[in-house]
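Engineer: got a predicted structure here, sequence first:
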Amino acid sequence: MRKILLYLITELLRKRIKHPFCHCEVDKGDRGNLGFMRKRRGLLRRYAPRNDTLGPFRKSSVITCLVAVIAIGATPDELVKQLGSVNWEEREKASDELIAIGLPAKTSIENALSSSDAEVRARAQQIKTLLQWKEAFSSRLDRFINQLRKGAITEPNLMRDVVVFISREESAPYLMTELIKNPAQPVAVKQQVAYELSNVYQSGFNKIIPDLIEVFKKETDETLRSYLVRIFGKCGADERTFPEVLTCLKLPSAAIKVAAINALSEIGDNSAVPELFKILKGADTNIKSTALYALARFQNEQTRTELMKFIKEEPQGSLRAQAVGILANQPDPKLIPELLELMKTEKEPDVLRNILYALQRHPGNKTIAPALVQLAKTVPPALQANLLAALQVLGDRSIMPQMIAMLEQENDYAAFNTVLNTVQALAGGQKFMPQAIPPALKQEVLTKTKEWYDKNK
């Protein structure tokens, strides 16, 4: 089984890829030509000879290159000369064929870099770069296959790259699932495969769902199971995976529970909302925060009402602030009275800031600004600037008399300027501060400056 799997993966990687770095694409008719595309060209071009019968046996880039040379007929030196042809199609064809030849053409391409023809030099440089990428990929592919053969992926980045390469191949999910199901595979390899599979594939899991559920029920490793739950989240509200995800919310493992919450957020089924609110009654702060993050996706009146209840009952300030932040991003006029009441009793600065942000999302409401002006008398000094900024956003001029009264009472220079900025904003950007410095003020500042200098020089 292992030999068959290795052969399938090797052939899959060598025949059917879309390269993430340069967007190469190999047609299904190509028999093993793996390459980088530049415009219409690949390192082993999509217009490869169709009478090639060696595809299934080509395991090395050297054999591939030699086959290409035989099929094309022209030598690399001859093709390099054609790079400077007056005929555009001939130049393009020569470039294609040099890319197809690959490594055997390396010396000729290096020599072409010093050609007196600018067109030849430019094309040679492009071809050289493409061949370097091909050589680098071939090396990474060989290392991955060798590590897979030994049953241990020691370079995680290799696994990630290779999964990206095969992500658009229809048979890739089956191959990856076989790796996860194989009891002979080390747990570390299964974890890596499941993790990459959960990151790459957004769809196409329908036919492998039964296998994934089977593995999930049999496996005991928490990390692997949590990655499988992440995959379930990409299956949508599937009648097979959705119940499994809901069941995971009751498991003792924190990793699996967090994965299940994130999966429910990705699925987006409203029937999960009651279960997520049950999670908020637990004791683990991290899990409750994850559940709040998931609930942010469900934008409906029921969710907002339950979140308001949570804010009033939750003792931890950071979680209350997170919940208010969710409400701020879902402006609901029905919640304005409750938010204003919270402003009167809340002591946590972060919660108060988020309440102010939530209230300023309702610029047309005429009850908010007068209520905030009254609250300005009791709000902590550190939040005065946030409150005044909210008043500026609301833009309700009906509070101008109260703002003028605040100016009259304010003696602190910085606080006076902050209130003045709000007044000027409400007045449509008018400038009430004199642009010229009053002589008496200027003289007072100079006197104090000189006194300080005389004492400290």
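Structural biologist: Nice, I can see it. Numbers count the residues shown, from 1 in each chain.
Engineer: in this structure, where's the longest helix?
Structural biologist: What stands out as the longest helix in the chain, according to DSSP state H, is helix 118-150.
Engineer: helix or strand for the residue nearest to the spatial centre of the chain, which one?
Structural biologist: Nearest to the mean C-alpha position of the chain, counting by C-alpha atoms, centre = their mean, stands N199 at 10.5 Å. Using DSSP states H and E, the element containing N199 is helix 187-200.
Engineer: need the contact list for the nearest residue to V393 once chain neighbours are set aside.
Structural biologist: Excluding its sequence neighbours, the residue lying closest to V393 (C-beta to C-beta, 6 or more residues apart in numbering) is Q360, at 4.2 Å. Glycine gets a C-beta too; all of them are placed from N, C-alpha and C. Applying C-beta atoms under 8 Å, 6 or more residues apart in numbering to Q360 gives the contacts I368, A389, A390, V393, L394.
Engineer: quick check: phi and psi on the third one?
Structural biologist: Backbone torsions for A390, taken as degrees, to the nearest 10, come to phi -60, psi -40.
Engineer: correct me, but it touches I355?
Structural biologist: No: taking contacts as C-beta atoms under 8 Å, A390 lies outside contact range of I355: 9.3 Å.
Engineer: with neighbour numbers in mind, choose between those two.
Structural biologist: Neighbours per residue, other C-beta atoms under 10 Å: of A390 and I355, the larger number sits with I355, 27 against 22.
Engineer: K344 is in contact with that one, correct?
Structural biologist: No: with contact defined as C-beta under 8 Å, I355 does not count as touching K344 (10.4 Å).
Engineer: hmm, which helix or strand of the chain has the shakiest average pLDDT?
Structural biologist: Taking mean pLDDT, DSSP states H and E as the measure, the chain has helix 61-72 as its least confident helix or strand, at a mean of 39.
Engineer: the helix or strand containing R91 - what's its average pLDDT?
Structural biologist: Take DSSP H and E as the rule and R91 turns out to sit in helix 88-101. Summarised as a single mean, pLDDT over helix 88-101 is 86.
Engineer: which of the residues in stretch 315-332 are buried?
Structural biologist: Using 16 or more other C-beta atoms under 10 Å as the test for burial, stretch 315-332 gives L319, R320, A321, Q322, A323, V324, G325, I326, L327, A328, Q330, D332.
Engineer: apart from its neighbours in sequence, what residue is nearest the fourth one?
Structural biologist: Read that as Q322. Of all residues not flanking Q322 in the chain, L292 sits nearest, at 5.1 Å (C-beta to C-beta, 6+ apart).
Engineer: what count of nearby residues applies to that neighbour?
Structural biologist: L292: 21 surrounding residues under other C-beta under 10 Å.
Engineer: continuing past the helix or strand it falls within, what's the next helix or strand?
Structural biologist: Under the criterion of DSSP H and E, L292 resides in helix 285-295. Moving toward the C-terminus from helix 285-295, the next helix or strand (DSSP H and E) is helix 301-313.
Engineer: now the angle from that next one to helix 285-295?
Structural biologist: Computed with axes from the mean of the first three to the mean of the last three C-alpha atoms, to 10 degrees, the direction of helix 301-313 lies at 150 degrees from that of helix 285-295.
Engineer: please point out which parts of helix 301-313 sit buried.
Structural biologist: Residues T303, R304, E306, L307, M308, F310, I311 are the ones in helix 301-313 that count as buried (16+ other C-beta under 10 Å).
Engineer: got the contact list for the fifth one?
Structural biologist: Listed by C-beta under 8 Å, 6+ apart, the contact set of M308 reads L327, L335, E338.
Engineer: please report how far it lies from H362.
Structural biologist: Distance, M308 to H362, by C-beta to C-beta, to the nearest Å: 15 Å.
Engineer: ok, the third one next?
Structural biologist: Distance from E306 to H362, counting by C-beta to C-beta: 21 Å.
Engineer: can you list the low-confidence ranges for the stretch 151-300 of the chain?
Structural biologist: 151-153, 156, 159-172, 200-204 (pLDDT under 70).
Engineer: let me know the outermost residue of this protein.
Structural biologist: The centre of the chain is farthest from one residue, D454, which by C-alpha atoms, centre = their mean lies 59.6 Å away.
Engineer: could you say which helix or strand holds that residue?
Structural biologist: Per DSSP H and E: helix 439-456 holds D454.
Engineer: mind listing what's buried in that helix?
Structural biologist: Buried-residue list, helix 439-456, by 16+ other C-beta under 10 Å: empty.
Engineer: output it as CSV - backbone C-alpha positions only.
Structural biologist: Only the C-alpha atoms of helix 439-456 are listed here, as CSV (Å, rounded to 0.1, in the frame of the first residue of the first chain):
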residue,chain,number,x,y,z
PRO,A,439,0.3,90.1,24.4
ALA,A,440,-0.4,89.4,28.1
LEU,A,441,-0.2,85.6,27.6
LYS,A,442,2.9,85.9,25.6
GLN,A,443,4.6,88.1,28.2
GLU,A,444,3.6,85.7,31.0
VAL,A,445,5.1,82.7,29.1
LEU,A,446,8.3,84.5,28.4
THR,A,447,8.7,85.6,32.0
LYS,A,448,8.3,82.1,33.3
THR,A,449,10.7,80.7,30.7
LYS,A,450,13.4,83.2,31.7
GLU,A,451,12.9,82.6,35.4
TRP,A,452,13.4,78.8,34.8
TYR,A,453,16.5,79.4,32.7
ASP,A,454,18.1,81.7,35.3
LYS,A,455,17.6,79.1,38.0
ASN,A,456,18.8,76.1,35.9
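Engineer: wasn't T220 part of a strand?
Structural biologist: No: in this structure, T220 is coil, not part of a strand, as judged by DSSP: H, G, I helix; E, B strand; the rest coil.
Engineer: alpha carbons only: can I get stretch 232-252 in CSV?
Structural biologist: Only the C-alpha atoms of stretch 232-252 are listed here, as CSV (Å, rounded to 0.1, in the frame of the first residue of the first chain):
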residue,chain,number,x,y,z
PHE,A,232,-15.4,19.3,9.3
GLY,A,233,-15.9,23.1,9.5
LYS,A,234,-15.2,23.4,5.8
CYS,A,235,-17.9,20.9,5.0
GLY,A,236,-20.7,23.4,5.7
ALA,A,237,-23.9,22.3,7.4
ASP,A,238,-23.4,18.7,6.3
GLU,A,239,-25.8,16.3,8.1
ARG,A,240,-22.9,13.9,8.7
THR,A,241,-20.3,16.3,10.1
PHE,A,242,-22.5,19.0,11.8
PRO,A,243,-23.6,16.6,14.7
GLU,A,244,-20.0,15.5,15.2
VAL,A,245,-18.9,19.1,15.6
LEU,A,246,-21.7,19.8,18.1
THR,A,247,-20.7,16.7,20.1
CYS,A,248,-17.2,18.0,20.3
LEU,A,249,-18.4,21.0,22.4
LYS,A,250,-19.1,18.5,25.3
LEU,A,251,-15.6,16.8,25.2
PRO,A,252,-13.1,17.7,27.9
